[in-house]
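Undergrad: Structure here, sequence nowhere to be found:
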């Protein structure tokens, strides 16, 4: 398999995953017993009073029906839907913020989520894997067992519990961080960077801790088995220093499955980020979804979900595409 | 669902390739059986406690205004009462029971589905395997929570506890199926399986006699992991108010506590009790699954 | 001269302690190729570990010592306790499988230079490595490749280049050609012999293949069940072996034009867990007597430089009966 075949395979899988994800989003409303469109129309009418003209309502209905594939024959609608979503990122107007386009709201929230996720995932991956490396490499030392126990304690604990515990400990019992964070509406500027970082600390800590468990335990067992590989033994017999063996030999090889695993678990990590945003009122896509779900803003809900699927699949694709940088066996065949 | 795939833990370092001596060297301080034991003890306490205690419960703990609100801890109310006039202790006991029941029910279905799909993909191969793998990879890659949020929002009010369970089954089988398929792939190449195949045993016979004993120990691990996953997912939905929050579960109790600002009104036990129980329960499940995995699954040389 | 003084090496296991090398004494003169032969489990790899100084849990040097016959930079004589500092400078090691012994994700160039404290100009050393590799019949660019890009024979040449680059006094090779096909095997062995001739160092070669020993080695050590049973010049051992076990090993070697079926030696070596009494080979020896079963034979010099541990080593008539 050449590197091009590898790329082709990954991109192919990416397209298939996107296709399946969008298809699920397309067909979900049809499987549901309730018809959200009637719900909106009455919502909009009550909100706007009698000021909406019947033509506007009809236009809205046709807009909605088109978006959900409830008008005309299914195939055309399905193609139209994919076309609108993929080529134009067009999800129609928001109902709570009518007539602001949903895509604008999502693109405003997305940088918040990406910033939080990127920083916390990278920090958690690096530190977690280093801890796991030490725990696995020195597996017969008592102190290394302590590191593993940290992983065992953190791994099974779900995001919402971690988030609540972090709030309890770092905002309630030891009031280091604010109990209810505030985020400036205008987004990141030079002036308020400090405030934003300070208020983002708790959700970030939650996500970092949540990533630790898996990274520590998985890296620990990988490092443990890699240490027994003949090339590590040979390096030891060459007189290669302990540090070089741990970094250049054990870590360099054991990190490869960890990169692949990161790509696979992005969906799970993203779920956790959404939930954490909701619990901390962090102004990202997660909070947007929650607001949308509770106020019945279905355009916003579908839009942010579609964008989430695209974002997670794309991030996974990016990791897979840079993977050959780390593994020469795929790079040069 | 995140399933830990702990590598086979072979003990000993630098054993000789050729010495006729026993090659397995005692690994010092490996918490091998200790994990399993601790996990089982924790689980036993939770299962027995939450399934037996409800028989002694004075009245339905989900009913509101049964008692005075916000009572402190007394010998009558071991964890006090909450802002809805419910006894926190009994609500918690029912929550643990309901969560466990849901988890076990979901895990039963998920285990059957993932075993069938994983084994068939691994053994039939060809186009069938490719299609199944693409579906599995899609289900793994697509973030689950947003889809659950849509479903939750669409069916809100009409949800039953079982609907939530069914939804979790639909989205919970992919990781396990992936693991079982890779086990099936490695088993397919083993000598004894080929022997059985060439000696004329039917595919079904091979599956039942030769493969199943190997896969079964992983199924137990997967089963426990799925219980953890299901309880966790339902609780997550409940915490953001998208499950059947009137039913006591480990998530709904936190939902109500957050909704009534337990943190600001000083009702700490309302929040801390479910947190501590959840942590213990999840830890018990996790220890049992990894302990079992190390003790049985890896000993058979698979997984 | 390398001197082994009554080396006893043991493994700590769940069942207790077992001696994988049980009292081996040996003198290896400088500048020769010594082969160690024996069935698997006889202790030859453990003996290599001891000579290399790779002693650590679960392996321990229960008693005895190894003297290498040279001193370190501070003038202290080097023994098995401080040989580790000399690894790949004065004693080096060629592993069995080059594929699994090279780090798959690092260029060979880097693996060439990552041992011990590398002082001096890296670029300069790299130039020397390049010309050295070229001398060994490899293209210069091969050190810029990753292991998977080279063939098995090229990789094994790289391993030999690594082991000989600093011109060590001693080179240990543990089945260095087992993983290769026959044609490549021969070229690798010839390369080793050439280098040894040029550098005059000592090579200790473990192989289960008596043919390799016949072609390559100057001296040979035959081991059986953790004991040394015969040691001497290879030519003499192949022509006039003193121990029935050696004779049987040599007989298992096919010769051209002889198409009789070759038989292995019937039976298996004794388990080292049992309490062993008498000659350890007695159970499988066609000449064994009651004396063999009860009294352990000493490792004695029967002819000049030719040692054996057999009660009947000096009665040649008996020996020829074996074949």
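TA: Perfect, thanks for sending it. Remember, predicted model here, so these are calculated numbers, not experimental data. Residues are numbered from 1 along each chain as shown, chains lettered A, B, ... in the order given.
Undergrad: For chain B, which residues score under the pLDDT cut-off?
TA: Applying pLDDT under 70 to chain B flags the ranges B:1-32, B:65, B:155-158, B:191-192, B:197, B:297-303.
Undergrad: let me fix that: chain C
TA: C:116-120, C:254-263, C:316-323.
Undergrad: switch the cut-off to 80
TA: Applying pLDDT under 80 to chain C flags residues C:14, C:98, C:115-121, C:179, C:252-266, C:314-323.
Undergrad: Which residues outside the longest helix belonging to it are in contact with it?
TA: In chain C, with assignment by DSSP state H, the single longest helix is helix C:182-199. For helix C:182-199, the external contacting residues (Cβ atoms under 8 Å, 6 or more residues apart in numbering or on different chains) are C:31, C:33, C:94, C:136-137, C:152-153, C:156-157, C:160, C:164, C:167, C:171, C:173, C:176-177, C:180, C:203, C:205, C:212, C:215-216. Heads up, the C-betas are built off the backbone N, CA and C, glycines and all.
Undergrad: Sort out for me which of these are in strands.
TA: Using DSSP state E, the subset of the contacts of helix C:182-199 located in strands is C:33, C:94, C:171, C:173, C:203, C:205.
Undergrad: Now list the buried members of the residues you listed.
TA: Restricting these to buried positions leaves C:33, C:94, C:171, C:173, C:203, C:205, with burial counted as 16 or more other Cβ atoms under 10 Å in any protein chain shown.
Undergrad: Okay, the fourth one and chain B: tell me how far apart.
TA: Residue C:173 sits 15 Å away from chain B, going by Cβ to the nearest Cβ, to the nearest Å.
Undergrad: Do I have it right that that residue meets residue C:212?
TA: No. With contacts counted by Cβ atoms under 8 Å, residue C:173 stays clear of residue C:212, the gap being 10.2 Å.
Undergrad: what sits in contact with each of the two?
TA: Going by Cβ under 8 Å, 6+ apart, residues that sit against residue C:173 and also against residue C:212 are residue C:205.
Undergrad: Is there proximity between stretch C:106-118 and chain A?
TA: Yes. Contact of stretch C:106-118 with chain A (Cβ under 8 Å from any Cβ of the partner chain) involves C:106, C:107, C:110, C:111, C:114, C:115, C:116.
Undergrad: List of residues touching that stretch?
TA: The contact list for stretch C:106-118, computed with Cβ under 8 Å, 6+ apart, reads A:235, A:238-240, A:244, A:248-249, A:252, A:328, C:87-89, C:102-103, C:122, C:125-126, C:129, C:142-147, C:150, C:158, C:161-162, C:165.
Undergrad: can you do 6 Å?
TA: Residues outside stretch C:106-118 that contact it (Cβ atoms under 6 Å, 6 or more residues apart in numbering or on different chains) are A:238, A:239, A:240, A:244, C:88, C:103, C:129, C:143, C:144, C:158.
Undergrad: next one: that stretch to chain centre, how far?
TA: Between the centre of stretch C:106-118 and the centre of its chain there are 25 Å (Cα atoms, centre = their mean, to the nearest Å).
Undergrad: Then stretch B:107-125?
TA: Put simply, stretch B:107-125 sits 17 Å off its chain's centre (Cα atoms, centre = their mean).
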